[in-house]
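Enquirer: Here is my input, please return the structure:
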Amino acid sequence: MTEVETAGGMYKRLASRIARGGWAAHFALVTLGVLLAGSPARAVVHPVTLDPKTDSAKCLECHADKAKGKSVHSAIATGCLSCHEIRTNRDITHIKLIEPTPVKLCLQCHADKDASQIKGHVHPPAVRDCLTCHSPHSSDNKNQLLKPLSGGKGENLCLQCHNTGVDVPAKGSRHPALDMGCDTCHVMHKTGESQEIEFKDHLTKAPPALCLDCHDAKDPALVAAHKGQPFEKANCVTCHNPHQSARPKLMQAFVHMPFGDGQCDTCHKPPKDGKVVLTAASPKELCLTCHADKGKEIENAKVPHPGAMGDCTDCHNPHASRQPGLPKTDAVNICLGCHTEIAELAKKRVHHQPAFEQSCSICHTPHGGNNEHLLRVSSPNALCLECHGPDARPTPVANEPLVTIFNGQVKLPENYFAKVSRLPIKYGLGHPVDRHPVVDQMDPNDNTKVRVAINCLTCHQPHSSTQPGLLLNDQANNTAFCSTCHKSFTR
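Expert: A predicted model of the protein is given here:
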């Protein structure tokens, strides 16, 4: 049996197991993922014996289709052997790539697409496998894309991974620009400083310039929809979802009540000289007319947050946001603008989900609090076990895709806990192994004295690490780490 037949048989067997379901399907899916996610390119047996120096003309006698199409890879002109290698031994010919994996081969010419050398957010498929999106030979689509970037599910290349615009609620709204093709607004390989929306979302240009390519800021209907308030220099996507929304007019998921109800005159007077005029002397004074409780929280905090002393709009968008709490950017980067020392920790490859993916306010009180480092609770264990403890019980929020923790103080996406590990801790024991303590060990001769102080931060870093497990000092999870406490391991 040839190698190519063996590989084909393997995929057929995996497909059969997936269809049957159960543990066989689970194992098959994992195996298939490993095979497809960057495994070395296999040599395949060629049906006829070839000379290792066979030229491209000979290849094209059978593979002429590889050089035909509206978009042909420029490498075709340099010859098949610029990418492929012919190996013949005892009258058996194998064809393989000249590099171990397709992505390594592509980077020989397209070095500017090397994700390991790019600063900022890289489109995930571009990190490991170019062939997720591109044909290596030819295509009827530009840039040798496997499918066009427009059309519905099954037609649009992007919709193989994304569901954007596919399932719009009955009372929701959908951006007509989706029908023009994803590349109307996006350039998939565009990268740069990841905090800037132009690069974070791979946009052709940053809003509002991007939006104004289609929407005329002087259009009377658009001016009326914005109640005559100046909007032409505003970032449109702070209020509008650029793809789809469960609300009318592409409103973001979370909307400030007066704005959502069209009560603009609650906060705004008519503009003057093209500028916004508020109904109060300052944004903070205006906000406190409704949110006096937050003003008292800031004023009475034992541990104040300097960032909360300024205007509320330094951190919050007064109209709408993609996240609860209406952060101006997002619930992480709004904090990192001031806390640059924490921003540096994002350069480490392993991130704690709250710190760099969700919201700093999951663990910290943003308006000031009673605990050191503005932590929501006084002890590290109580903080960590709110999510990681065996008794963690997030509470669903009615009519919203959210759950809450800390007695409703913190709102999280409903799928947040899909990435959270639950620890089998009982009576202060059980992590990282059975009967290992996670709380202070008291002196057996005097139970008022702590013999060994232990909490989650004894072993873990709260923000990021270079190693899985977020262990202290970026150490690997092995006995060398354990020996920092258990000295007998080194004897």
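
Enquirer: What pLDDT does the model give Asn141?
Expert: pLDDT recorded at Asn141 is 95.

Enquirer: per-residue pLDDT, the residue nearest the centre of the chain?
Expert: The chain has Glu357 as the residue nearest its centroid, 6.9 Å off, counting by CA atoms, centre = their mean. If you check Glu357, the pLDDT there is 90.

Enquirer: for the residue nearest to it when sequence neighbours are not counted, what are its contacts?
Expert: What sits nearest to Glu357 in space, not counting adjacent residues and going by CB to CB, 6 or more residues apart in numbering, is His351, at 6.4 Å. Backbone N, C-alpha and C define where each C-beta goes, glycine included. By CB atoms under 8 Å, 6 or more residues apart in numbering, the contact list for His351 reads Glu357, His463, Ser464.

Enquirer: So the second one is in contact with Phe356, correct?
Expert: If I follow you right, that is His463. Yes. Judged on CB atoms under 8 Å, His463 makes contact with Phe356 at a distance of 7.5 Å.

Enquirer: thinking again about what came up before, and the residue nearest to the centre of the chain, what are its phi and psi?
Expert: phi -120, psi -30 (degrees, to the nearest 10).

Enquirer: Tell me which residue of the chain is furthest from the middle?
Expert: Asn445 (51.1 Å).

Enquirer: quick one: it and Pro437, what's the gap?
Expert: Using CB to CB, to the nearest Å, Asn445 is found at 18 Å from Pro437.

Enquirer: Now Asn399. Its backbone dihedrals?
Expert: Dihedral angles for Asn399 - degrees, to the nearest 10 - are phi 60, psi 20.

Enquirer: Can you get me a residue count around it?
Expert: 6 (other CB atoms under 10 Å).

Enquirer: Identify the residues contacting it.
Expert: Counting by CB under 8 Å, 6+ apart, Asn399 has no contacts.

Enquirer: Can you read off the pLDDT for Leu14?
Expert: On the pLDDT scale, Leu14 gets 40.

Enquirer: Show me the shaky parts of the stretch 151-300 of the chain.
Expert: Within the stretch 151-300 of the chain, the set of residues satisfying pLDDT under 70 is empty.

Enquirer: now the strands for it?
Expert: Secondary structure of the stretch 151-300 of the chain (DSSP state E, counting those that start in this stretch): strands located at 173-174, 244-245, 254-255, 268-272, 275-278.

Enquirer: so where is the stretch 1-150 of the chain shaky, pLDDT-wise?
Expert: Ranges of the stretch 1-150 of the chain meeting pLDDT under 70: 1-41.

Enquirer: Quick one: end-to-end length of stretch 436-445, please.
Expert: 21 Å (CA to CA, to the nearest Å).

Enquirer: what about Leu212, how many residues close to it?
Expert: Count around Leu212 with other CB under 10 Å applied: 14.

Enquirer: need the contact list for it.
Expert: Per CB under 8 Å, 6+ apart, neighbours of Leu212: Glu232.

Enquirer: Against Thr484, how distant is it?
Expert: Distance from Leu212 to Thr484, by CB to CB: 58 Å.

Enquirer: can you check Gly262 too?
Expert: 60 Å.

Enquirer: Which of those two has more residues huddled nearby?
Expert: Thr484 (15 against 10).

Enquirer: my read is the more buried one is in a helix, agree?
Expert: No. Counting by DSSP: H, G, I helix; E, B strand; the rest coil, one finds Thr484 to be coil, located in no helix.

Enquirer: and the gap between it and Cys363?
Expert: On the measure of CB to CB, Thr484 and Cys363 end up 25 Å apart.

Enquirer: and what of Leu423?
Expert: 17 Å.

Enquirer: Same check on Gln229?
Expert: Gln229 is 37 Å from Cys363, by CB to CB.

Enquirer: Who has more neighbours out of those two?
Expert: Taking other CB under 10 Å, Gln229 and Cys363 do not tie; Cys363 has more neighbours (24 against 15).

Enquirer: So that one sits against Pro462, correct?
Expert: Yes. If you go by CB under 8 Å, Cys363 and Pro462 touch, sitting 7.2 Å apart.

Enquirer: list residues touching both of these two?
Expert: With contacts defined as CB under 8 Å, 6+ apart, the residues shared by Cys363 and Pro462 are Ala355.

Enquirer: where does the stretch 351-491 of the chain dip in pLDDT?
Expert: Looking at the stretch 351-491 of the chain by pLDDT under 70, you get 489-491.

Enquirer: which stretches of it form helices?
Expert: Along the stretch 351-491 of the chain, the stretches classed as helices by DSSP state H, counting those that start in this stretch are 353, 380-388, 456-459, 479-482.

Enquirer: what's the second one packed up against?
Expert: In this structure, helix 380-388 makes packing contacts with helix 456-459, judged by 3 or more CB pairs under 8 Å, 6 or more residues apart in numbering; DSSP states H and E.

Enquirer: Would you mind listing the outside residues contacting the helix it packs on?
Expert: So helix 456-459 is in contact with Pro380, Asn381, Leu383, Cys384, Pro432, Val438, Leu471, Leu472, Phe481, Cys485, going by CB under 8 Å, 6+ apart.

Enquirer: can you rerun that using 6 Å?
Expert: Helix 456-459 is contacted by residues Pro380, Asn381, Cys384, Leu472 when judged by CB atoms under 6 Å, 6 or more residues apart in numbering.

Enquirer: Same question for stretch 287-294.
Expert: Residues from elsewhere that reach stretch 287-294 (CB under 6 Å, 6+ apart): Gly295, Cys312, His367.

Enquirer: Can you verify my assumption that Pro324 contacts Lys411?
Expert: Yes. Between Pro324 and Lys411 there is a contact under CB atoms under 6 Å: 4.2 Å.

Enquirer: which one of the two has more residues nearby?
Expert: Lys411 (22 against 19).

Enquirer: If I follow the layout properly, that one ends up in contact with Leu326?
Expert: No. Using CB under 6 Å, Lys411 is not in contact with Leu326; the gap is 11.6 Å.

Enquirer: Now do the closest residue to Val403 other than its chain neighbours: how many residues are near it, please.
Expert: Once flanking residues are discounted, Val403 sits nearest to Pro394: 3.8 Å by CB to CB, 6+ apart. Residues lying near Pro394 (other CB under 10 Å) number 18.

Enquirer: So Pro394 sits against Asn407, correct?
Expert: No. With contacts counted by CB under 6 Å, Pro394 stays clear of Asn407, the gap being 11.5 Å.

Enquirer: Could you list which residues are in contact with Asp140?
Expert: Applying CB under 6 Å, 6+ apart, the residues near Asp140 are Gly69, Lys70.

Enquirer: picking up where we left off before, for the residue nearest to the centre of the chain, give its distance to Leu412.
Expert: Distance from Glu357 to Leu412, by CB to CB: 11 Å.
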